[in-house]
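Asker: I'll drop the sequence and a predicted model, then ask my questions.
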Amino acid sequence: MPPLPKAAIQEQFGTPARQKEAATLAMWVFLGTELLIFSGLFVAYGEYRYTFPVAFQMAGSYAEHGLGLVLTILLLTSSFLATLSVLAARQGKRLATVGLIGLTVALGTLFMVLHLAEWWHHAREGALPGRYYHFDKLTLPGASLFFTLFYLTTGLHMLHVTIGLALLSWSALQALLGRITAEYTTPVEVTVLYWHFVDVIWTFIFPLYYLLARP
Amino acid sequence: MRPSPLDEEARARPNVELARWPDVHYLNHETSVRSWLFTHDHKRIGVMYLATVGVFFILGGIYALLIRIQLLSPESRFVSPLAYNRLFTLHGVTMVWLFMIPAIPSGLGNFLYPLMIGAKDVAMPRLNLLSLWIFWAGALLTVIGMLWGGADTGWTFYTPYSTTTSTAIVPVLLGVFVIGLSTIATGLNFVVTVHTMRTPGLGWMRLPLFLWAIYGTALIQLLATPVLGLTVLLVSIEHFAGIGIFDPALGGDPILFQHLFWFYSHPAVYIMVLPAMGVISEVVCAFSRKNVAGYRLIVISTVGIAGVGFFTWGHHMFTSGQSIPASGAFGILSMFVGIFTAIKVFTWTYTMYRGAISLRAPMIYLFGFLFLLVFGGMTGIALATTSLDLHWQDTYFVVAHFHYIMVGSVMLAFLAGLHYWWPKLFGKTYFERPATSAAAVVGFGFIATFTPQFYLGNMGMPRRYAFYPPEFQWLNVASTGGATILAIGILIATVNLLVSLRYGAIAGDNPWGSGGFEWMGTTSPPAPHNFTAPPQFPAQPHDYSVAPRRTLPRASPP
Amino acid sequence: MPSSLTEFLRNFLLLPPEGSTFSVSADRLHFVVILTTFAGSFGVFLTAAIFIIRYRQRDPDQTTVHVPPSRLLEAAYIVLPLTLFVIWFFIGFRQYVYTETPPPGAMDVYVTAKQWMWKFTYPGGPNSINTLRLPVGRPVRLLLTSRDVIHSLFVPELRLKQDVLPGRYTQTWFTLRMPGRWRILCTEYCGLLHSEMRGELVALDPAEYEAWLANQRQDLNAQRDASASGPEQQAHPAPSLAEQGERIAVAQGCLACHSVDGSRHIGPTWLGLYMSRVPLEAGAFAIADEAYLTESIMEPDKKIVAHFQPLMPSYRGRIGAAEVAAIVEYIKSLRTDEVVPGSGQEPPHAPLTP
């Protein structure tokens, strides 16, 4: 077995297998905490939807359904490519790994750009949070809350997308520099796991803010 | 400690030897400031946490004394109402987030955890260091908030007051947020460590109970703190941007804040209490020289508190306009979480049965702990009896209840643990007489401070009152008198510990002859990487059927 | 429990006099729980003390045998406390449900909390600041709302408190047991003068209460007699605040300019007005909450709705605060299906008198 890259073994672990186990467990536990942060916002959505059903339904109809679909496809595809990159890494294919991660990052970046454009569009129409809300087409009480929660939730999500893109870029760099081998794929694996989580959160955001609407 | 003729005892008993000071240990092998600030050593990180929380404990205590001075008379002009409102807010914020939550898990826990499982360090030492830095950053933010006048909302930050107040709430909230990140990182580290770094052969049901307690705490930290993070972030955003998520004028619901806040803050009290219980599990065994009576029960209770504790938060909201079924559900679940504590108390008492009990300072603290935890815990059960809470909610009864737990139980356990593990941390023994006297003074001072507050609650004195109706005065004066005694006791205990660093006797590997795993295979203070070879732990911790190795402290050379 | 024992315990525990019928039942449960608390804590403490003495260490290397815990004892110390806790819970919960369900025929009083004062309004009757006069022996329901932040109304003698929330009504009820003057205290921190936000509950014999009420209404009627609506009010007492508000709106001439069916008239319509976003002149907006509606009645020139003329006269001094509240209630009741006003549910606040 070829020797592991020098940075790979941490002194406190007995074996590389144990180190990998620790890193993977750490990422799963961390994702649990992230899930709880988003949960608070979903709970708020649930309460206000219950309180203002009509306003929320009508607000949902002003969401950009087509764009939402595109964003979803972008993220799901990027997750698929990310999984392929892990497989490539496990097979020791350095360039394939870097390329696939690169594509993932590209799709993720496109997601960000389109999403920010959507925010700009809503802002121009006056659908801003709280006391700045002046969206004339929808003045029911509770409508501003829909958009407030939309910005908060998708904003938090975009923050996580940004972190994910940074982590993916870093692991692509690691792969490029030859620090990822078939025996040591941990950085790529945990990063892709994080990216999958970001994707899963989007699959909850998408129906709540784009699909549950009265046309 | 004045030992009997040392050499004779050491020669006569095979398990006893004279204390030796290790040449190289974690404190002296590198001494630059850089080696401390950039260390990966869990022991140094633990000590730095202890120093930090110690400073903030004093700050929080000063706030408390100022509050008690104000409350000496009904219309006191000692401080202005605005200053008073800031004082009780900052007292709460400091004590909860800058002292109680990190003290035992990040302080003692960091130090002991790897020692107890036979590991050289935690699973992610760099994350551990980052955790400390983040803690310092959050503390700094909070202090900046304090210097700008500090918040005046109470540590509970209820909306809409917190979203509309003009005081410096945002730095304090963001400070809490950042400290929360540190808590999550520490919890993450502990969970991964115990899962992946136990020495070969050390199964879950052989782990020291302190570890189980810290593990339970870590689980709570991981699951509850993110919700706090979100909540303080939302309040901050609403405060400076008016987004309206908690503002009724914009359709928001202030009660949503309460649900989100208490969803974290009730488990938070278990973050504070569980480690204290872990300390007590260790201390009762070491100072009764007996294995715990019911290891499995303690484990189940620990996990039970951690789990069920997540579903009881609405008992802080019985008078908030919450629905009847919700109050019912939260009330009955609160009864269940209470039973786990009762089980632990009975088990610890049972452990003392047919033991060999020595009344050293840690044991005195334990003795006080037992009484105060039962009393405080049962007043918690009383509060969960929903109809009774209608009278007591937001009065001094609640203040007394949680101080009985937070100070009477957690702080006493912390002091017990500090005294017990002081020789292992620093290689010196503390002076026993001042320590036991201090423990007694702390116990009496505590009771004198907080028992009057139960009565004040019964009489109907509300919380957070800078001025109060005159019929409440005599009990307030009694409480302030008690607080002074309590402060003196804590001062004596602290000074005694600190003085022992220089003038205490050399402790040796195991001055208590304790059967705890952390005393085996390590020197006092421990070596930089803890063990030179994987330690051989006995089948169970605290097995006193055979006397463990013990070292005889001897006076340090002049 | 014999009453001498309960009196002794009440005094020993420094509980105030039992001012409401609920206080009596709550105190009984309190005594049982607290006595058990004392017994439990001292019991554990004494047991530990006995063990410390009996099993004290004789030698620093003393060995001990592992005592396997008695399963029976373990079961006992799990089952017995749990049974007690659950029993207490059910008794307490039943009492709690009792305090949350006002009986039919309860007399209503509206409470408005505001930094840092209490306002009490009797339907059809006077309103008062900080003093709440009530009759002994009759169930009273308080309907509470706040103008700003969360407050909480607490009377220790009643053993009751209820948080007061902005944007919705909460309720509590009680029956007073004896005459007295007791403190009303705010028990939810609400800012600078939270500790000075106090009131007084004056419990009066029914006859005294009726006399006071009649006296107050006489004065009010004297005021109203000066305006055209006086006799009408006396002849037909209104059952609900909203209905009262409708009568006042008719009598005061509001409906001459404001419609209630959505049609635009001299002034903006009241249908769907409450909690809607009202466009004002110069591009500003306001939310039509209680504060806005009150201001529009008292100082109509402060906020002119866009595309309307500033024609409305002020009603300051022409109608009292209670009548303003009634009109506001009436406006709130004018909803369409499209609009869901306020936040959360408003508990029904029509009186329960059949």
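Answerer: Structure received. Residues are numbered from 1 along each chain as shown, chains lettered A, B, ... in the order given.

Asker: neighbouring contacts of stretch B:124-131?
Answerer: Taking contacts as Cβ atoms under 8 Å, 6 or more residues apart in numbering or on different chains, the residues outside stretch B:124-131 that touch it are A:10, A:12, A:22, A:26, B:38-42, B:45, B:106, B:110, B:122, B:182, B:185-186, B:188-189, B:192. (C-beta placed from N, C-alpha, C; glycine too.)

Asker: can you give me the strands in the stretch 351-500 of chain B?
Answerer: Per DSSP state E, counting those that start in this stretch, the stretch 351-500 of chain B carries no strands over any range.

Asker: mind telling me which residue of it is nearest chain C?
Answerer: Here the stretch 351-500 of chain B gets closest to chain C at one residue, B:Gly460, 2.7 Å apart by Cβ to the nearest Cβ.

Asker: and that residue, how far from chain A?
Answerer: 33 Å (Cβ to the nearest Cβ, to the nearest Å).

Asker: still on that earlier bit, narrow the contacts of stretch B:124-131 to just the buried residues.
Answerer: The neighbour count (16 or more other Cβ atoms under 10 Å in any protein chain shown) marks A:10, A:12, A:22, A:26, B:39-42, B:45, B:106, B:110, B:122, B:182, B:185-186, B:188-189, B:192 as buried among those.

Asker: tell me the first helix or strand C-terminal of the helix or strand of chain C with the lowest mean pLDDT.
Answerer: Least confident helix or strand, chain C: helix C:230-235 with a mean of 43, by mean pLDDT, DSSP states H and E. Downstream of helix C:230-235, the next assigned helix or strand under DSSP states H and E is helix C:241-252.

Asker: residues of that following helix that come out buried?
Answerer: Across helix C:241-252, burial judged by 16+ other Cβ under 10 Å covers C:Leu241, C:Ala242, C:Glu243, C:Gln244, C:Gly245, C:Glu246, C:Arg247, C:Ile248, C:Ala249, C:Ala251, C:Gln252.

Asker: what packs against that helix?
Answerer: helix C:230-235, helix C:321-333 (3 or more Cβ pairs under 8 Å, 6 or more residues apart in numbering or on different chains; DSSP states H and E).

Asker: follow-up on the earlier one: go through the buried residues of helix C:241-252 and say which is closest to A:Ala166.
Answerer: Lowest distance from A:Ala166 to those (Cβ to Cβ) belongs to C:Ala242, with 58.2 Å.

Asker: which residues are in contact with that closest one?
Answerer: Contacts of C:Ala242 by Cβ under 8 Å, 6+ apart are C:Ala326, C:Glu329, C:Tyr330, C:Lys332, C:Ser333, C:Ala350.

Asker: rounded mean pLDDT for the longest helix along chain C, please.
Answerer: Assignment by DSSP state H gives helix C:21-54 as the longest helix of chain C. For helix C:21-54, mean pLDDT rounds to 94.

Asker: go on, stretch C:209-223?
Answerer: According to the model, stretch C:209-223 has a mean pLDDT of 79.

Asker: can you give me how far that stretch is from the chain middle?
Answerer: Relative to its chain's centre, stretch C:209-223 lies at 24 Å (Cα atoms, centre = their mean, to the nearest Å).

Asker: do the same with stretch C:151-171
Answerer: Distance of stretch C:151-171 from the chain centroid (Cα atoms, centre = their mean) equals 4 Å.

Asker: and if you look at stretch A:150-170?
Answerer: With Cα atoms, centre = their mean, you get 6 Å for stretch A:150-170.

Asker: what's the following helix or strand after the biggest helix by length in chain B?
Answerer: In chain B, taking DSSP H as the definition, the longest helix is helix B:254-288. Proceeding N to C from helix B:254-288, the next assigned helix or strand is helix B:295-308, under DSSP H and E.

Asker: could you check the angle helix B:254-288 makes with that following helix?
Answerer: Orientation check (axes from the mean of the first three to the mean of the last three Cα atoms, to 10 degrees): helix B:295-308 against helix B:254-288 gives 170 degrees.

Asker: who does helix B:295-308 touch, helix- and strand-wise?
Answerer: Against helix B:295-308 (3+ Cβ pairs under 8 Å, 6+ apart) you get helix B:209-241, helix B:254-288, helix B:324-352.

Asker: tell me who's in contact with the residue in chain A that chain B sits nearest to.
Answerer: Relative to chain B, the nearest point of chain A is A:Gly130 (3.5 Å; Cβ to the nearest Cβ). For A:Gly130, the contact set (Cβ under 8 Å, 6+ apart) comprises A:Ser144, A:Thr148, B:Glu238, B:Ala241, B:Gly242, B:Ile243, B:Gly244, B:Ile245, B:Asp247, B:Leu250.

Asker: same check, this time on B:Pro535
Answerer: Contact analysis of B:Pro535 by Cβ under 8 Å, 6+ apart lists B:Gly118, B:Thr199, B:Phe517, B:Met520, B:Gly521, B:Thr522.

Asker: if you skip the residues just before and after it, what's nearest to the second one?
Answerer: Read it as B:Thr199. What sits nearest to B:Thr199 in space, not counting adjacent residues and going by Cβ to Cβ, 6 or more residues apart in numbering or on different chains, is B:Gly118, at 3.0 Å.

Asker: that neighbour against B:Arg198, yeah?
Answerer: Yes. With contacts counted by Cβ atoms under 8 Å, B:Gly118 reaches B:Arg198, the gap being 7.1 Å.

Asker: now the residue nearest the centre of chain C: phi and psi?
Answerer: The residue lying closest to the centre of chain C (Cα atoms, centre = their mean) is C:Leu144, at 3.8 Å. Torsion angles at C:Leu144 (phi, psi; degrees, to the nearest 10) stand at phi -120, psi 140.

Asker: chain C versus A:Val86, what's the distance?
Answerer: Distance from A:Val86 to chain C, by Cβ to the nearest Cβ: 47 Å.

Asker: distance of that residue relative to C:Val278?
Answerer: Counting by Cβ to Cβ, to the nearest Å, the separation of A:Val86 from C:Val278 is 57 Å.

Asker: for the longest helix of chain C, enumerate the helices and strands it packs against.
Answerer: Using 3+ Cβ pairs under 8 Å, 6+ apart: helix C:21-54 touches helix B:324-352, helix B:361-384, helix B:386-392, helix C:3-12, helix C:71-100, strand C:170-175.

Asker: format these as TSV; extra columns: mean pLDDT.
Answerer: Listed next are the helices and strands packed on helix C:21-54 as TSV, based on pLDDT from 0 to 100:
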stretch	mean pLDDT
helix B:324-352	95
helix B:361-384	95
helix B:386-392	96
helix C:3-12	92
helix C:71-100	94
strand C:170-175	94
